[in-house]
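Undergrad: What follows is a predicted structure for the sequence shown.
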Amino acid sequence: MTNATKRVAVYIDGSNLYFKLKELGLSELNRFNYRGLADWLSHTRKVISYRYYIGVVRAKIHNTKGQELRKEQQRLFSHLLSKGQEFAIKRGYIMDNDGMYHEKGVDVKLAVDLLVGAYEDMYDVAIIISSDTDLIPVIKKVRHLRKEVEYIGFAHQPSLALQRYANLSRLMIKEELKKFEYSKKP
């Protein structure tokens, strides 16, 4: 099989990507060109699936900050679903534990989709944008099933463990990511 004929599935850990892009100082992330980034990472290969995994913000009616976060997330969802982006959004939830918020169910959904896709021969290459080492057992199994795994991380904070288990790893730098940032060109 040539590189150009390989089917690619893109799996984005949304929260992980969001916070890494924020750390790099990128703005207007609810209008970032996620599709452009995914296509750029796939090079000439055919992308058969674009998936974005995220915990859903739920806020009580009187929680002003929570309502604003929810509103921003809804803008992001609208953008991800829009023509030109067309991502499948895989939703987990966010749990409040004494004022500390934790995403729940997102990693499991991503792991299940990776395994199902590998077992059902839906892709040849999985591109994973995440730094979550909980995915290592899944990556090992996917590779055992003769699928390729590409770990996409960030030069300012790489996951050495994920690099070790992926077939290929790429660490992005701010200058590469800036070209996918929203700009208001006249």
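TA: Thanks, I have the structure now.

Undergrad: For the chain, spot the helix or strand the model is least confident about on average.
TA: Ranked by mean pLDDT, DSSP states H and E, the helix or strand of the chain with the weakest confidence is strand 100-104, at a mean of 74.

Undergrad: Does anything pack onto that one? Which helices or strands?
TA: strand 46-56, strand 88-97 (3 or more CB pairs under 8 Å, 6 or more residues apart in numbering; DSSP states H and E). Any C-beta I mention is one placed from the backbone N, CA and C, and that applies to glycine too.

Undergrad: Same list, those strands, but as JSON lines with mean pLDDT please.
TA: Formatted as JSON lines, those follow (pLDDT from 0 to 100):
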{"stretch": "strand 46-56", "mean pLDDT": "94"}
{"stretch": "strand 88-97", "mean pLDDT": "83"}
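
Undergrad: most packed of these?
TA: Comparing the helices and strands packed on strand 100-104 by mean neighbour count (mean count of other CB atoms under 10 Å), strand 46-56 ranks first with a mean of 20.

Undergrad: Off-centre distance for that strand?
TA: 6 Å (CA atoms, centre = their mean, to the nearest Å).

Undergrad: so where's this protein shaky on pLDDT?
TA: Along the chain, segments meeting pLDDT under 70 span 59, 96-100, 183-186.
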